[in-house]
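Peer 1: I would like to see how this sequence folds:
(2 chains)
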Amino acid sequence: MTRAAEATAKPVETAEEQILAAFSARAGALPGARHPAVRAAREEAMAHFAVAGLPHRRMEAWKYTDLSRRLSAVPGLAPLDAAPAESAPAFDVAGWRVARFAGGSLASGPEDGGGAHLVRLSEALDEGASRALDALKLSEDADSVAALVAALAHDGILVTVPKGAHVALPLGLVLRAAQRAPEASFVRLSVRVEEGADLTLVEDHAGRSGLAMVHLDARLEAGARLAHLRLQDEGAGLTHLARSDVRLARDAHYVHGFASLGAGLSRHELRITLEGSGAQARLLGAWLAGAGRHADTTTLVRHAAPHCTSLQTIKGVVAPEGRGVFQGLVSVARGAAGTSGHQLAKALLLGPRAEVDQKPELEIFADDVKCSHGASVGELDEDALFYLRARGLPEPQARALLTGAFLGEIFDGLTESFGGALADVVRVSAEAGLAAMTRDVAAGKAGSGP
Amino acid sequence: MLEIENLHVAVGGKAILNGIGLRLNAGEIHAVMGPNGSGKSTLSYVLAGRDGYEVTEGDIRFEGESLLGLAPDARAAKGLFLALQYPIEIPGVTTMNFLRTTTNAVRKARGMAELDAPSFLRLVRERAKKLNVPDEMLKRALNVGFSGGEKKRAEILQMSLLEPKLAILDETDSGLDIDALKLVAEGVNAWMGPERAALVITHYQRLLKHIVPSHVHVLAGGRIVRSGGPELAEELERVGYDGVAA
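Peer 2: Sure, this is the predicted structure:
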């Protein structure tokens, strides 16, 4: 911008000011606005945001991911009506129940949940239902992502799997940008798996541009099981900020598998609290940071009860000019004896200008625990590369094979936990992302993807 | 087939090979023997084209064409094969997938049709059986958790599928018991023919009882200090490297 143009432009609003103004203009039209309790919850959430502001690098949890430059201009709020979605679901599971969101609105929902009880958030808010209201109330450790979603979500879904129910087919949540101008969307998802029940939940995120914010909370009652698979594969014009809070009661079992294949900037913060003895959590996934992209995976696993186990295996690949972040905290509360908490994070750099920050942490306040964490960053092994080339593979092909092999363990684990049909979709998507990255590296390119 | 002419090689600025000359014709098996540190592995790596092995003088010609400046995969396509002393473990890539990918890459580079899955499977089963490589091994990640013998058998299986003209066997006998050694030698002998040649690099004579060389060279200090027939290997066994080089 030239100096003359700057002088005539109106005073620049901060991102926070833009969001607050958008909220003021929108508040009266949001679902549930006629219920004072709903309005109060939204206003409280916005007040939380007004104080905290957008996350920035001086906040410990956001040390490596700064939104200030990325969000200097906040896209306008997505209209309240549903719109055609940009693309079809990545998964095609025969007979599964799927809820499709476009631009933050539920565009189509399943008639029934195949054993799970589903309620549309906007309708529940209009009715003033207490479960919907609870979804807008902030927890003590809420951050600005949770606050903005509570304040601005105009849709979402509330899932309940009743006591003892076994939901045979996965429940799909397909979240897409709308086929409109870049816009900001906020979706609130809430899942209850009651005692002894089990569910497989698949999140499928895609979009080309705009800002997508998602907050999911899941509560697993005693002996409940939730297998939660998350595929996120978005364009360079999109900023994806997500937070998931998962709480496990006694003997509950949670598996989280993910492939974060990138957006311009993407961040998923997953907080798992093991609240009842014997609860188990398994996390495994892969993230990619392509050229010009920023991918942040942050996990917090809290062992609050004795005899719980957690195991994390997380691998990332960073292209030249890409930036990856992994932060993982395992904390063991006083009294959580017999804890087994393990975390392994590995990152592979595909070139000299690839950047990664990994911060594994253990915080232990109990005795008699078995905990470990390991983080490594490396490049492709030169011996292995030579070996493959001496067997006739041209360099780009040898690099692609080794990079895929680096993530092989993750895909094998996903197949074990989610079955071949779901895991293969994730594998194919991840391999396509990897192929694009290694092709760019081989061509010596450092541009960004579509 | 292979002509090495006054070859000088430096690694990290340090001279390792100091003027090697060697000529290997089709149908011949040459053994290069030498003590540790004589430059044996450097010779195998520089022939295969590994980065970091700098040819400071001389030439390597394969079927009349210089190999200098050619990438390892281009040399493999021309028909060179290096069996490594320590085959590399490749976690996440099954042996079967590796064999198929490399075989088809080489076939493609040689202008041959790639093999489809069923044809490849038939071929690999037939070759694997001869080397006593069970199906179960083909399903495992390449070389991961393989015993010393399994790794070397996997190398020879790769060789039989890639069908090179020239095989360079770098200390293929290391880590093998006598049964495994015989099996590997049988694999090499079955592959060998009048249009092919092998360069067997070894410290000990024992492999040469099973893969009988037509020529034997003694490498010391980065030079070939003596050449002769198979009887030279026996002499080495009796008097040692110091005795022969003296």
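Peer 1: For chain B, give me its nearest residue in the stretch 201-350 of chain A.
Peer 2: Proximity to chain B, evaluated over the stretch 201-350 of chain A using C-beta to the nearest C-beta, is greatest for residue A:315 at 10.5 Å. The C-beta positions use only the backbone N, C-alpha and C, and glycine is treated the same way.
Peer 1: Name every strand pairing with the helix or strand hosting that residue and say which way it goes.
Peer 2: Element membership for residue A:315 (DSSP states H and E) is strand A:309-318. For strand A:309-318, the paired strands and their directions (DSSP bridges) read strand A:280-289 (parallel), strand A:340-349 (parallel).
Peer 1: Make CSV from the ones you listed and add mean neighbour count, distance to residue A:261 and mean pLDDT to it.
Peer 2: Written out in CSV, the entries for the strands paired with strand A:309-318 read as follows (neighbours: other C-beta atoms under 10 Å in any protein chain shown; distance: least, C-beta to C-beta, whole Å; pLDDT from 0 to 100):
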stretch, mean neighbour count, distance to residue A:261, mean pLDDT
strand A:280-289, 24, 5, 97
strand A:340-349, 21, 15, 96
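Peer 1: closest one to residue A:416 among those?
Peer 2: Shortest separation from residue A:416 across the strands paired with strand A:309-318 is recorded for strand A:280-289, at 9.3 Å, computed as C-beta to C-beta.
Peer 1: CA atoms of the closest one as CSV?
Peer 2: Presented in CSV, the C-alpha positions along strand A:280-289 are these (Å, rounded to 0.1, in the frame of the first residue of the first chain):
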residue,chain,number,x,y,z
GLN,A,280,-7.5,-45.6,28.7
ALA,A,281,-6.6,-43.2,26.0
ARG,A,282,-4.7,-43.9,22.7
LEU,A,283,-3.7,-41.1,20.3
LEU,A,284,-2.1,-41.7,17.0
GLY,A,285,-1.8,-39.5,14.0
ALA,A,286,0.1,-37.8,11.4
TRP,A,287,0.5,-34.1,10.5
LEU,A,288,1.9,-32.5,7.4
ALA,A,289,3.2,-29.0,7.0
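Peer 1: The following helix or strand past it - contacts with which helices or strands?
Peer 2: Following strand A:280-289 in sequence order, the next helix or strand is strand A:294-303 (DSSP H and E). For strand A:294-303, the elements it packs on are strand A:253-260, strand A:265-274, strand A:280-289, strand A:309-318, strand A:323-332, strand A:340-349, judged by 3 or more C-beta pairs under 8 Å, 6 or more residues apart in numbering or on different chains; DSSP states H and E.
Peer 1: Which strand or helix spans residue 16?
Peer 2: Assuming you mean chain A. Assigned by DSSP H and E, residue A:16 belongs to helix A:15-26.
Peer 1: ah, I was thinking of chain B
Peer 2: strand B:14-24.
Peer 1: Tell me the helices and strands packed up against the following helix or strand past that strand.
Peer 2: Toward the C-terminus, strand B:14-24 is succeeded by strand B:29-33 as the next helix or strand (DSSP H and E). When contacts are defined as 3+ C-beta pairs under 8 Å, 6+ apart, strand B:29-33 sits against strand B:14-24, strand B:197-202, strand B:215-220, helix B:231-245.
Peer 1: In contact with residue B:138, which residues?
Peer 2: Contact analysis of residue B:138 by C-beta atoms under 8 Å, 6 or more residues apart in numbering or on different chains lists B:94-96, B:99, B:124, B:128.
Peer 1: one more time with 7 Å
Peer 2: B:95-96, B:124, B:128 (C-beta atoms under 7 Å, 6 or more residues apart in numbering or on different chains).
Peer 1: What segments of the chain are helices?
Peer 2: If you meant another chain, say so; for now it's chain A. Under the criterion DSSP state H, helices of chain A are mapped to A:3-8, A:15-26, A:36-52, A:121-126, A:130-136, A:144-152, A:382-390, A:395-418, A:420-442.
Peer 1: Chain B, not that one
Peer 2: Residue ranges of the helices in chain B, as given by DSSP H, are B:40-48, B:72-78, B:95-109, B:117-130, B:135-139, B:148-162, B:178-191, B:231-245.
Peer 1: and the residue of chain B nearest chain A?
Peer 2: For chain B and chain A, the shortest gap (C-beta to the nearest C-beta) falls at residue B:92, measuring 2.9 Å.
Peer 1: residues contacting that residue?
Peer 2: A:405-406, A:408-409, B:141.
Peer 1: ok, now residue A:301?
Peer 2: Listed by C-beta under 7 Å, 6+ apart, the contact partners of residue A:301 are A:272, A:281, A:310, A:330, A:341.
Peer 1: want to try JSON lines for these, with distance to residue B:197 as columns?
Peer 2: Formatted as JSON lines, these follow (distance: C-beta to C-beta, whole Å):
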{"residue": "A:272", "distance to residue B:197": "61"}
{"residue": "A:281", "distance to residue B:197": "59"}
{"residue": "A:310", "distance to residue B:197": "58"}
{"residue": "A:330", "distance to residue B:197": "58"}
{"residue": "A:341", "distance to residue B:197": "58"}
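Peer 1: State the number of residues packed around the closest residue to residue A:441 other than its chain neighbours.
Peer 2: Nearest-residue entry for residue A:441: residue A:350, 5.0 Å, with adjacent residues in sequence omitted and distances by C-beta to C-beta, 6 or more residues apart in numbering or on different chains. A count of neighbours around residue A:350, defined by other C-beta atoms under 10 Å in any protein chain shown, yields 25.
Peer 1: what's the burial count for the closest residue to residue A:397 other than its chain neighbours?
Peer 2: By the measure of C-beta to C-beta, 6+ apart, the closest residue to residue A:397 outside its immediate chain neighbours is residue B:105, 6.6 Å from it. Applying the criterion other C-beta under 10 Å, we find 23 residues in the vicinity of residue B:105.
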